[in-house]
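Novice: sequence and predicted model, in that order:
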Amino acid sequence: MPDTCHAHHAPRRNPLREPGLAAMAMALLPACLGTATAQTTDTGARMERVAEGVYAIVHDDATDEWPHGNTGVVMADDGVLVVDSTYLPSRARADIALIRSITDRPVRYPINTHWHFDHNNGNAAYREAFPGVTIVSERNTRDYIDLNNTWWPRMATAPDSAKRLSLAKLEEKLETGVDDAGDPLSVDAGQVRERHIRQRHDELEELASLEVVAPDLIFDSALTLSLGDRRIELRDWGRANSPHDVTVYLPDEQILFTGDIVVQAPVPYLGDSWPVSWIEVLRQMEAIPVTALVPGHGPVMHDHAYTRQVRELLEAATSRVEAMARRGMTLEQIQGAIEFDDLRQGVWSDPALDDDWKTIMDVLVERVWRGVRGQG
Ligand SMILES: [Zn+2]
């Protein structure tokens, strides 16, 4: 995989909004076109070719608080299968435009890997664009997604919701022109805040009228779909990142869409997870041959190196927390004493993580502490 090409084509924010500029940049990078890294982009996402007719859409965050999950796209003679539909319908509609720029085949199956809304709030956009779609999920996941219907319009966007209060606080900071430390905001910081505020207003407006569309084809344990010549295997792994995490695997092409079982953002999302059972899920997944692995968040990978790194972190957390609990330490004492610096390798050694690493590990320890005591 020529990573240098990938880096040129993968700006965090797409600077190539002017058609002329985009054409010029394309002309300067002829070696990347028509290769495995050819991409289609818009201002908030890049659609990366993973194999013939298989793509990953990697999105910028929706707001400074919420990400979009990655979207997988599998094309076949008689239609398109999509893995996850993002956090906001507006983003899903933009993804549909990207998909339509490559194929005129209709989307037939949007798959929801798990119930977390950054992977399925966009279902409505697919139902609207392709009225015949069949939305697929594991059985319990369907019920959790259905319940999101009361969460978004009635709670998350209510007048006194945490979301609205947090936005009001952000607006106040911009108004007073000082940061958290009381220092004046630089022009750049002010502009960043303005963008964040605009995004959060758009988000609230969209969520307040959100129609959550629950899956209509449900399965237990496993389901195999055929689309044209492609065989597509869905498998529920049970408790890992969520109560039921589903992977989507193309056995002929050896491409694995992991949902949030694998996340590099740049660390896994650990809150509300089941780290103890997650270990065995990762161990079994490592035995699946992959030419490409599309995580729930983060860049497309081509082996299980990062899968193993996550498993080793969860294993170390479990054995360390259990040993400390056996010595009679409380959760707070364990959080105060435990060390994970030896596991900060690869992308996790980035100094930008210094401030957050301890907080993230505290969350992991809390979840593991419940797990080793049979509570999660
Ligand atoms: Zn997610």
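Specialist: Sure thing, it's come through.

Novice: alpha carbons only for contacts and neighbour counts from here, please
Specialist: Fine.

Novice: contacts for the helix or strand hosting Thr150, please.
Specialist: Element membership of Thr150, judged by DSSP states H and E, is helix 139-150. By Cα atoms under 8 Å, 6 or more residues apart in numbering, the surrounding residues in contact with helix 139-150 are 114-117, 120, 210-216, 218-220, 244.

Novice: where along the stretch 251-376 of the chain do the strands fall?
Specialist: Using DSSP state E, counting those that start in this stretch, the strands found in the stretch 251-376 of the chain span residues 255-257, 292-294.

Novice: any chance of those strands in CSV, with mean pLDDT too?
Specialist: CSV is the format used below for the strands of the stretch 251-376 of the chain (pLDDT from 0 to 100):
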stretch, mean pLDDT
strand 255-257, 98
strand 292-294, 98
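
Novice: quick check: which of the ones you listed is buried the most?
Specialist: Of the strands of the stretch 251-376 of the chain, the one with the most neighbours on average (mean count of other Cα atoms under 10 Å) is strand 255-257, at a mean of 25.

Novice: quick one: name whatever helix or strand follows the helix holding Thr150.
Specialist: Moving toward the C-terminus from helix 139-150, the next helix or strand (DSSP H and E) is helix 162-176.

Novice: for whichever helix or strand comes after that next one, packing partners?
Specialist: Beyond helix 162-176 on the C-terminal side, the first helix or strand identified by DSSP H and E is helix 187-208. Helix 187-208 is packed against helix 162-176, with contacts defined by 3 or more Cα pairs under 8 Å, 6 or more residues apart in numbering; DSSP states H and E.

Novice: what's the angle between the helix it packs on and helix 187-208?
Specialist: 150 degrees (axes from the mean of the first three to the mean of the last three Cα atoms, to 10 degrees).

Novice: and helix 162-176, how far out from the chain's middle?
Specialist: Relative to the mean C-alpha coordinate of its chain, helix 162-176 is positioned 26 Å out (Cα atoms, centre = their mean, to the nearest Å).

Novice: just the buried residues of the helix or strand hosting Ile218, please?
Specialist: Here Ile218, judged by DSSP H and E, is contained in strand 217-219. Neighbour counts using 16 or more other Cα atoms under 10 Å place Phe219 of strand 217-219 among the buried residues.

Novice: number the chain from 4, please
Specialist: Let's use 4 as the start, then, which means that last one is strand 220-222.

Novice: and the helices in the chain?
Specialist: Per DSSP state H, the chain carries helices over the ranges 6-11, 22-31, 92-103, 126-132, 142-153, 165-179, 190-211, 278-288, 308-329, 334-340, 357-375.

Novice: mind putting those helices into TSV with mean pLDDT and distance to Phe260?
Specialist: Below are the helices of the chain laid out as TSV (pLDDT from 0 to 100; distance: least, Cα to Cα, whole Å):
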stretch	mean pLDDT	distance to Phe260
helix 6-11	32	19
helix 22-31	40	29
helix 92-103	97	17
helix 126-132	98	18
helix 142-153	93	17
helix 165-179	87	31
helix 190-211	88	27
helix 278-288	97	11
helix 308-329	98	12
helix 334-340	97	33
helix 357-375	96	24
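
Novice: right, so of these, which gets closest to Glu55?
Specialist: Glu55 lies closest to helix 92-103 among those, at 14.0 Å (Cα to Cα).

Novice: which secondary structure elements does the closest one contact?
Specialist: Judged by 3+ Cα pairs under 8 Å, 6+ apart, the packing partners of helix 92-103 are strand 42-45, helix 126-132.

Novice: repeat that with 6 Å
Specialist: Under the contact criterion of 3 or more Cα pairs under 6 Å, 6 or more residues apart in numbering; DSSP states H and E, helix 92-103 touches no helix or strand at all.

Novice: what's the spacing between it and its chain's center?
Specialist: 16 Å.

Novice: ok, residues contacting it?
Specialist: Helix 92-103 has contacts (Cα atoms under 6 Å, 6 or more residues apart in numbering) with 88, 125, 128.

Novice: hang on, the second one packs against Val86?
Specialist: No. With contact defined as Cα atoms under 6 Å, Gly125 and Val86 do not form a contacting pair (11.4 Å).

Novice: can you list the contacts of helix 92-103 in a markdown table and add neighbour count and distance to Glu335?
Specialist: Shown next, in a markdown table, are those (neighbours: other Cα atoms under 10 Å; distance: Cα to Cα, whole Å):
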| residue | neighbour count | distance to Glu335 |
| --- | --- | --- |
| Ser88 | 31 | 38 |
| Gly125 | 27 | 39 |
| Ala128 | 23 | 44 |
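
Novice: before we move on, back to that, can you point out the buried residues in the helix holding Thr153?
Specialist: Residues 142-145, 147-149, 151-152 are the ones in helix 142-153 that count as buried (16+ other Cα under 10 Å).

Novice: distance to Glu289 added to these, as TSV?
Specialist: Converted to TSV, these look like this (distance: Cα to Cα, whole Å):
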residue	distance to Glu289
Arg142	25
Asn143	25
Thr144	24
Arg145	27
Tyr147	28
Ile148	28
Asp149	32
Asn151	32
Asn152	35
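
Novice: excluding sequence neighbours, find me the nearest residue to Val303.
Specialist: Closest residue to Val303 apart from its sequence neighbours, by Cα to Cα, 6 or more residues apart in numbering: Val297 at 4.8 Å.
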